[in-house]
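Student: Provided below are the primary sequence and the corresponding predicted coordinates.
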Amino acid sequence: MNLKLRWLITGGIAMSLLGIGLSIIGDAVMNRVEGVTFAFWFLEGLAGLILFNSGIGTFGKAVLLRWQLDHQNADI
């Protein structure tokens, strides 16, 4: 798989993870305000934070891939 395709896929996955994670966190906050049991909103919020932080890490990888792509093209 070439570098540009890896960058495009990694960036798309990163943005998806960030969005899904934020949505789940928002839903957990709404459940907490509505008075749902502690275990439910806590675990839901935890899952959202895990997804969001995975998205941040994946986004960092996409930035590195883009940097490699730019420097690879500069050498040609």
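Tutor: Happy to help now that I have it.
Student: what's the burial count for the nearest residue to residue 72 once chain neighbours are set aside?
Tutor: Closest residue to residue 72 apart from its sequence neighbours, by Cβ to Cβ, 6 or more residues apart in numbering: residue 3 at 6.4 Å. Bear in mind the C-beta positions are built from the backbone N, C-alpha and C, glycine included. Using other Cβ atoms under 10 Å, residue 3 has 13 other residues around it.
Student: now do residue 3 against residue 38, distance only.
Tutor: The spacing between residue 3 and residue 38, counted by Cβ to Cβ, to the nearest Å, is 46 Å.
Student: now residue 24
Tutor: Residue 24 is 17 Å from residue 38, by Cβ to Cβ.
Student: hmm, the residue nearest to residue 72 is touching residue 64, no?
Tutor: No - at 10.7 Å, residue 3 does not count as touching residue 64 under the criterion of Cβ atoms under 8 Å.
Student: low-scoring stretches of this structure, by residue?
Tutor: 75-76 (pLDDT under 70).
Student: would you state the helices of this protein in chain order?
Tutor: 3-34, 38-75 (DSSP state H).
Student: okay, residue 24 and residue 38: which has more neighbours?
Tutor: residue 24 (19 against 8).
Student: thought the more buried one was touching residue 47?
Tutor: Yes - if you go by Cβ under 8 Å, residue 24 and residue 47 touch, sitting 6.0 Å apart.
Student: buried residues of stretch 29-46, list them for me.
Tutor: By 16 or more other Cβ atoms under 10 Å, the buried positions in stretch 29-46 come out as 31, 32, 41, 44, 45.
Student: now, which of those sits nearest residue 60?
Tutor: residue 45 (22.8 Å; Cβ to Cβ).
Student: relative to residue 32, how far out is the closest one?
Tutor: Taken as Cβ to Cβ, the span from residue 45 to residue 32 is 8 Å.
Student: so residue 59 touches residue 14, yeah?
Tutor: Yes - with contact defined as Cβ under 8 Å, residue 59 and residue 14 form a contacting pair (3.9 Å).
Student: these two: which has the busier surroundings?
Tutor: residue 14 (20 against 17).
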